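Novice: using only what follows, build the 3D model:
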Amino acid sequence: MPEMQKKRFHMLSLPHTITSEWWSTCAFTTKVFKLTEMLMDLGHEVIHYGNKGNEARCSEDVIVMDSLAESYDLEAFKEEHVWDSEDDFHKEWFKKCSIELNKRLRRKDFILCPWGIGHMPVINQIYSDILHHVYIVESGIGYPAGAQFAPYRVYESNAHLALSYGFRKGAGMEADDIPRKTDIVIANVYNPNDFIFSNTKEDYILFFGRVLKTKGTHVIAEILEARPDLKIKIAGQYKEYTDNIPPILRESENVEIIGYVDNEERAKLLSKAKCLICPTEYVEAFGGVAVEAQLSGTPVLASAWGAFNETIWHGQTGFLCRNVHQYLRAIDKVHHLDSTTIKRWAVENYSLERGKRLYDEYFEMLYTHKGSLTLYDKLYPLPSPKFIPSIPIHPITVSNIDDKDAMKYLNATCPNVEVLGIGKEFSFINKIKYVYEHLLTLPQHSLAIFTDAYDVFYLDDLDTIRDKFQMHQCDILWSTEKSYCHQLKEDQQFYDDMASTFYRYINTGTFMGFVGPLIKLYEDILRYIEDDNFVNDLNKPCWGNEEITDNCTKGYKLTDKYVDQTVVSHLLAMKGLEEYNMKLDYNCDIFYIPSVDWDYWMGEQNQFYYFNPDNRIRLYQTASTPSIIHVPAKSLGRGPLLDSLYNKTR
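Specialist: Okay, the predicted model is just below:
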């Protein structure tokens, strides 16, 4: 890309604010600050026109007025944003600004008007002999078409550009002026360091912004009516006694109305919210808080129109909703979204560094009437979920004996497998405890794969298994088999009703999932095995456990007659899979357990699997090539099958 020419910019700030980071409640002022800084970083000359107290770096700071504090209560103004552009202060500001601007204007300079028609009183007083030899640019349009006037216009979103063109008459455009070839879309951009990233969320939904009906406060009220248990925090400028805040939001003990907050508190609120909600009821030009939340790793639930269609990656960084029912469903799904993915999307597309290049290229195009063809203005979606490589994955097995010969297939195909329980007393109930204790040591956003130790081998690397897992779009995935064993007879119908293949029954020897949801599951398991009613259920007829012993005691309720499969299977039949966003691997995409199939594993009778040219096992009934083979009941004569399958895949 050719080097850009150095240019000269005149940045007009707002008469009633001060260009500083702490004035973040005014979107226009924030744009002035950021664009001034970006242009300085690019090596251009920037002359800033504003009130005393400007904090943006610039080549020259022209103080138009130093009496803002005498005309406005600055603290109150930040909270309520009430001004009169026709008052004496504004008139004087416009007059003085135009005088200073005329002193400095040169041919081919740029005049940046981020306040749109609000800056017209200044532009109208520019000397006519130079007016047509400068570039007048509205540098960040998020306001209505009727407030647009400049020859060159930068829109915040494609949605708002299209809306403005629809109102072309109000925008001063004739039909044959569209499309305007010098208009462009450059999204608002941010410094990622201004936000706190967190993948540990608290149990509250955050609304952040101007507290108005048009911003969707009545939608939030409807959500709360449907789900009174939801905890909601409302932050932003509001007036105490208006219908912008419905009664239920004022009266509910689960709603906290915070009001105005500074930048530091804003960052904390955004980072810890389980989601941000933006149920705007008009066509949002941009809605910057949605990007700010994503820079914090927080998912966003927003209206399915306007700029949110551009700033939110539906199903990956948030959800786009059209009615209260969809918002309620989305609230139940946000914990499935990965905070790291959310932040990466936001940084890739809405960082200052990217915005800087977009603006530089645009101004070069105007300046030279050429510009260069780059991909700076292309949105960069992350790879599809099945290819996101950032999630750590931990292969784990449980064994109390360090028998390397018995584990030779597992160690050969997954050398970095972690072994839990070496030297400890083994029981199936202890196994549950060992797994839970180890999960607590792992990052909650990472993945864990659990397999048996002596009868398992891997066919794929961990990256491939991670990709396959993410295609299932769940938090936990259990292996399946054709045999219903070590499970209560009364639960079998539950699994039959759900199944989509012959591999319909859960096997708890091999499974995988995100650590956080697995911790929740295992906490429930440990709680239920201390529950008398649950334990009494386990004394009911059970496939594979017909002889029930009666030696349960208070200190150790479950004997080895109750294998972990009995416990987990019954818990899931009681609570359902949706409780944990869980699925069964019916197609054997990852796990293959050849129970029942092993009766036909030799000779021409085998109709269940074959070996493809790469020596991979491929299943006839599911057309899948599994990643992990688990041949249980090795001690019951299944060892030769394990050996055969392993050797044929080498």
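Novice: neighbouring contacts of stretch 230-239?
Specialist: With CB atoms under 8 Å, 6 or more residues apart in numbering as the test, stretch 230-239 has contacts from 25, 79-81, 203-212, 217, 220, 223-224, 244-245, 249, 252, 254-261, 265-266, 269, 273, 331. (Glycine included, C-beta is placed from N, CA and C.)
Novice: drop anything exposed from those.
Specialist: 25, 79, 204-209, 211-212, 217, 220, 223-224, 244-245, 249, 252, 255, 257-258, 260-261, 266, 269, 273, 331 (16 or more other CB atoms under 10 Å).
Novice: among these, name the ones in helices.
Specialist: 79, 217, 220, 223, 224, 249, 266, 269, 331 (DSSP state H).
Novice: now residue 440, nearest residue through space, not along the chain?
Specialist: Distances taken as CB to CB, 6 or more residues apart in numbering put residue 519 closest to residue 440, at 6.6 Å, once the chain neighbours are dropped.
Novice: secondary structure element holding the one you found?
Specialist: Per DSSP states H and E: residue 519 is located in helix 515-528.
Novice: next secondary structure after that helix?
Specialist: Remark: after helix 515-528, the chain's next helix or strand is helix 532-537, criterion DSSP H and E.
Novice: returning to what we had before: now the helix holding residue 519, how far from the centre of its chain.
Specialist: Averaging C-alpha positions (CA atoms, centre = their mean, to the nearest Å) puts helix 515-528 24 Å from its chain's average.
Novice: low-confidence bits of this protein, can you list those?
Specialist: Residues of the chain meeting the criterion pLDDT under 70: 1-3, 72-82, 169-177, 239-242, 370-390, 541-562, 599-610, 612-614, 633-638.
Novice: domains for it, by residue range?
Specialist: For the chain, the structural domains run 8-185, 192-349, 392-593, going by automatic domain parsing.
Novice: among these, which is nearest residue 366?
Specialist: Nearest of the domains of the chain to residue 366, taken as CB to CB: domain 8-185 at 5.5 Å.
Novice: residue 83 is in contact with residue 16, isn't it?
Specialist: Yes. Residue 83 lies in contact with residue 16 (CB atoms under 8 Å); the separation is 4.4 Å.
Novice: tell me which of the two has more neighbours.
Specialist: When residue 83 and residue 16 are compared for neighbours, residue 16 comes out ahead with 25 against 16, by other CB atoms under 10 Å.
Novice: tell me the SS of the more buried one?
Specialist: Put simply, residue 16 is coil when judged by DSSP: H, G, I helix; E, B strand; the rest coil.
Novice: now do the one 3 residues further on
Specialist: Look at residue 19: counting by three-state DSSP, its state is coil.
Novice: and for it, the neighbour number?
Specialist: Residue 19: 25 surrounding residues under other CB under 10 Å.
Novice: ok, residue 63 next?
Specialist: 14.
Novice: okay, the helix holding residue 519 in CSV with CA atoms only?
Specialist: The C-alpha coordinates for helix 515-528 follow below in CSV (Å, rounded to 0.1, in the frame of the first residue of the first chain):
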residue,chain,number,x,y,z
VAL,A,515,-15.1,-27.3,32.5
GLY,A,516,-17.5,-24.8,33.9
PRO,A,517,-20.7,-26.7,33.0
LEU,A,518,-19.0,-30.0,34.0
ILE,A,519,-18.3,-28.6,37.5
LYS,A,520,-22.0,-27.7,37.8
LEU,A,521,-23.0,-31.2,36.8
TYR,A,522,-20.6,-32.9,39.2
GLU,A,523,-21.7,-30.6,42.0
ASP,A,524,-25.3,-31.9,41.4
ILE,A,525,-24.1,-35.5,41.3
LEU,A,526,-22.3,-35.2,44.6
ARG,A,527,-25.3,-33.5,46.2
TYR,A,528,-27.7,-36.2,44.9
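Novice: return the list of helices and strands in contact with that helix.
Specialist: Where contact means 3 or more CB pairs under 8 Å, 6 or more residues apart in numbering; DSSP states H and E, helix 515-528 is packed against helix 428-439, strand 447-451, strand 476-481, helix 564-575.
Novice: among these, which is nearest residue 627?
Specialist: Each of those was scored for nearness to residue 627 using CB to CB, and the closest is strand 447-451 (9.5 Å).
Novice: that closest one - which strands sit beside it in the sheet, and in what orientation?
Specialist: Strand pairing for strand 447-451, using DSSP bridges, gives strand 393-398 (parallel), strand 505-514 (antiparallel).
Novice: tilt between the shortest one and helix 564-575?
Specialist: If I follow you right, that is strand 393-398. Relative orientation of strand 393-398 and helix 564-575, computed by axes from the mean of the first three to the mean of the last three CA atoms, to 10 degrees: 120 degrees.
Novice: circling back: can you name the residues in contact with the helix holding residue 519?
Specialist: Here helix 515-528 makes contact (CB under 8 Å, 6+ apart) with 335, 432-433, 435-436, 439-440, 442-448, 475-476, 534, 567-568, 571, 575, 580-582.
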